[in-house]
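1. model the following, please.
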Amino acid sequence: MVQSVFQRAVGLIQLLWREVAKFGVVGGLGWVIDNGLFFILAHGILSDGTIKARVVSSSIAILFSWFANRYWTFRHRRGNKPWREFFLFIVMSLMGLGIAVGCQYISRYVLGFQTVTADFIAGGVIGLILGTIFRFLTYRFFVFTEELDAEPEYAGDHALVEAPQKKASATQPERNPVS
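-> Numbering: from 1, shown residues only. Prediction:
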């Protein structure tokens, strides 16, 4: 039983590793876009409103991420209704943005950290980590949901998750519950 669970977990990791790696690259670029613009705006035209600066910079990073995730990270899962995916992507991204802004808000207005550096750590590091976990899971399981196993790079991935379970059940004798 434990070995079967372990084998399925390993299979699931093998199934998701390419998506996680690509999502990480897109996320890293999005982080540079988001925080680069945040610093430019926070030290420039929006210096009196760092929350506004975070919203603007994150919104631009979200648009970049939509294109990169749709056409690269999850290209094998994108469906034929791009506006539906875009809408769900935006909703989930805004929820992720809410996580980052919420962390920054708590840091600034609840904990009293009033510096741009504190805003960066709260929104751009802590909020980013929490928001990234949330976004990956929601993009993977709610936004880009089409299964396109015909794509050669992903052919056979489901066997990694399903085979250990079938294999384990085939090698175990049936138990008689009445004995």
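2. and Ile121, which of the three is it?
-> Recorded secondary structure, Ile121: helix (DSSP: H, G, I helix; E, B strand; the rest coil).
3. which residues does the closest residue to it other than its chain neighbours contact?
-> Leaving aside its sequence neighbours, Ile121 sits nearest to Ser107 (CB to CB, 6 or more residues apart in numbering; 7.4 Å). In this view, the C-beta of every residue, glycine as well, is placed from N, C-alpha and C. Ser107 makes contact with 113, 118-119, 121-123 under the criterion CB atoms under 8 Å, 6 or more residues apart in numbering.
4. ok, now which ones touch Leu16?
-> Leu16 neighbours (CB under 8 Å, 6+ apart): Arg140.
5. mind telling me what element it is part of?
-> Element membership for Leu16 (DSSP states H and E) is helix 2-42.
6. my guess is Gly123 meets Ile106, correct?
-> No. In this structure Gly123 lies outside contact range of Ile106 using CB atoms under 8 Å: 10.0 Å.
7. give me the more crowded residue out of the two.
-> Gly123 (31 against 15; other CB atoms under 10 Å).
8. state the distance from the residue nearest to Ile121 to Gln114.
-> Shown here: Ser107 relative to Gln114, a distance of 9 Å by CB to CB, to the nearest Å.
9. kindly report the same for Ala100.
-> To Gln114, Ala100 is 18 Å away according to CB to CB.
10. okay, these two: which has more neighbours?
-> Between Ala100 and Gln114, Ala100 has the larger neighbour count (other CB under 10 Å), namely 24 against 11.
11. can you tell me the closest non-neighbouring residue to the residue most central in space within the chain?
-> Residue closest to the mean C-alpha point of the chain, counted by CA atoms, centre = their mean, is Phe136 at 1.8 Å. Excluding the flanking residues, the one nearest Phe136 by CB to CB, 6+ apart is Phe23, at 5.5 Å.
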